[in-house]
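In: Make a model of this:
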Amino acid sequence: MAVIVRAGAAPMWWPGLLAAAIGALVPGLTGRRVGLLAGAALFLVTMAVVALSRGKRYDRLARGATRAGRADFLQDRAVTVRNWRRGHRWWLLGAFLATVASAFVVPGAGGLLLAGAGAGLWAKAVRIGQRERRDDVLYWVRADWVERGRPTGKPVKAYRTTGPVAGDAAPGGARRSR
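Out: Residues are numbered from 1 along each chain as shown. Sure, this is the predicted structure:
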């Protein structure tokens, strides 16, 4: 489940930083200093909002988690990441283009906003990983319940658990070291 959360972190973080760097090169309407200071504030606020949003729903689903059965379809980490990124590629491209275009008004702010969303997703995955380590399980969402890459969507009734060495993901959604 943390894999789904973490899947969007890198595709938002790196393009956001690239857009912020491009924005730092453009003077813009407000000037570089104002734009980058506004971007830094947006980065911190966005990171906090994304990292803390839907936390109660995650906790409630984790408390009600049941052991994964034979009928549960659980995907590999690589498949989950690929599906999430393919499903969101146009949204991510549009967000990158919008942040680059916003650099002509407020330099760097849009890119840092996008990077903040990626950092918030990463922080949320880390928090989920800490819970997985504490509970000594991995939380999973059945693949047929995931609605457009949302691990807490309406179709998700409860999480499934496996042992901490099951699958190819480490706690928090990172790749398992071999």
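In: From now on I want contacts and neighbour counts done on CA atoms only, so please keep to that.
Out: Noted.
In: mind listing the strands for this structure?
Out: For the chain, the strands defined by DSSP state E cover 66-67, 138-140, 160-162.
In: To residue 53, which of those lies closest?
Out: Put simply, out of the strands of the chain the one that sits nearest residue 53 is strand 138-140, at 18.4 Å, with distance taken as C-alpha to C-alpha.
In: separation between residue 89 and residue 172?
Out: Residue 89 sits 23 Å away from residue 172, going by C-alpha to C-alpha, to the nearest Å.
In: Between the two, tell me which one has more neighbours.
Out: Taking neighbours as other C-alpha atoms under 10 Å, residue 89 and residue 172 compare with residue 172 leading, 26 against 13.
In: What values do phi and psi take at the more buried one?
Out: Dihedral angles of residue 172 (phi, psi; degrees, to the nearest 10) stand at phi 90, psi 0.
In: hang on, it packs against residue 137?
Out: No: the pair residue 172 and residue 137 fails to qualify as a contact (C-alpha atoms under 8 Å) at a distance of 10.9 Å.
In: Excluding residues flanking it in the chain, which one is nearest the spatially most central residue of the chain?
Out: Nearest to the geometric centre of the chain sits residue 121, at 3.3 Å (C-alpha atoms, centre = their mean). Across the structure, with C-alpha to C-alpha, 6 or more residues apart in numbering as the measure, the residue nearest residue 121 apart from its sequence neighbours is residue 9 (5.3 Å).
In: The one you found and residue 56, how far apart?
Out: According to C-alpha to C-alpha, residue 9 stands 21 Å off from residue 56.
In: Residue 18 too?
Out: Residue 18 sits 33 Å away from residue 56 when distances are taken as C-alpha to C-alpha.
In: Residue 21 too?
Out: Taking C-alpha to C-alpha as the measure, residue 21 and residue 56 are separated by 35 Å.
In: between the two, which one's more packed in?
Out: More crowded of residue 21 and residue 56, by other C-alpha under 10 Å: residue 21, with 18 against 10.
In: ok, that one - contacts?
Out: 108, 111 (C-alpha atoms under 8 Å, 6 or more residues apart in numbering).
In: Fine, thanks again, bye for now.
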